[in-house]
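Engineer: coordinates only, sequence not included:
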């Protein structure tokens, strides 16, 4: 989408939309919220979450990072992936959301975005499955991923239900933290995708 430099300082509703995308700067009404426009900043991991393992410093930097994007006029920001439990870590001590103490760290992020008076922000819940680079990795079947040296443990039926509950808990905690919604990562070879593929699911 091409936007002239002179238009970048205007509120998004005053910018001319491209003829092929006439509705891009119009509000989008959803059942649970309303977006100022239809421009979305897709999920990308910054690594700042991991720098906050024992402090809030990384999340403070993350808040500033997302606030700048919000000031640019984006309608919805999606965070980098956050695991719903330890088994879902991408790597040891990577970001997870399992309790209120962890949710409290995210408050500065959501408040910084909402203070711009326009943008909304959603948390991406990502369970790495067999891509997890740690010994706690789980998957539908005990098949090691080419990118990891760890063979995952095959989830039992009880483990599957527990994981579903952990996704629900992460979504609840995202609301506690002030997020406007969640995005569940179900593609790119991660846990949910692994259950859907006959290559990784031999159950």
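Structural biologist: Structure received. Keep in mind that what you see is a predicted model, and the values were worked out from it rather than measured.

Engineer: from here on, contacts and neighbour counts on C-alpha atoms
Structural biologist: Will do.

Engineer: could you check the pLDDT of the residue most central in space within the chain?
Structural biologist: Ranked by distance to the mean C-alpha position of the chain (Cα atoms, centre = their mean), the top residue is residue 124 at 1.8 Å. Residue 124 carries a pLDDT score of 97 in this model.

Engineer: distance of it relative to residue 157?
Structural biologist: As defined by Cα to Cα, to the nearest Å, residue 124 lies at a distance of 25 Å from residue 157.

Engineer: can you check residue 145 too?
Structural biologist: 22 Å.

Engineer: so the two - more neighbours on which side?
Structural biologist: With neighbours defined as other Cα atoms under 10 Å, residue 145 and residue 157 compare such that residue 145 has more, 17 against 10.

Engineer: and the helices in the chain?
Structural biologist: 57-71, 100-114, 157-176, 191-196 (DSSP state H).

Engineer: and the first one, what's buried?
Structural biologist: It stands for helix 57-71. 58-67, 69-71 (16 or more other Cα atoms under 10 Å).

Engineer: how far is that helix from where the chain is centred?
Structural biologist: The gap between the average C-alpha position of helix 57-71 and the chain average comes to 15 Å, counting by Cα atoms, centre = their mean, to the nearest Å.

Engineer: what is it packed up against?
Structural biologist: Taking 3 or more Cα pairs under 8 Å, 6 or more residues apart in numbering; DSSP states H and E as the contact definition, the neighbouring helices and strands of helix 57-71 are helix 100-114.

Engineer: ok, and for the helix it packs on, which residues are buried?
Structural biologist: 102-114.

Engineer: before we move on, what about stretch 67-84?
Structural biologist: Of the residues in stretch 67-84, those scored as buried under the neighbour-count criterion (16+ other Cα under 10 Å) are 67, 69-84.

Engineer: likewise for stretch 22-33?
Structural biologist: Using 16+ other Cα under 10 Å, the residues of stretch 22-33 that count as buried are 24-26.
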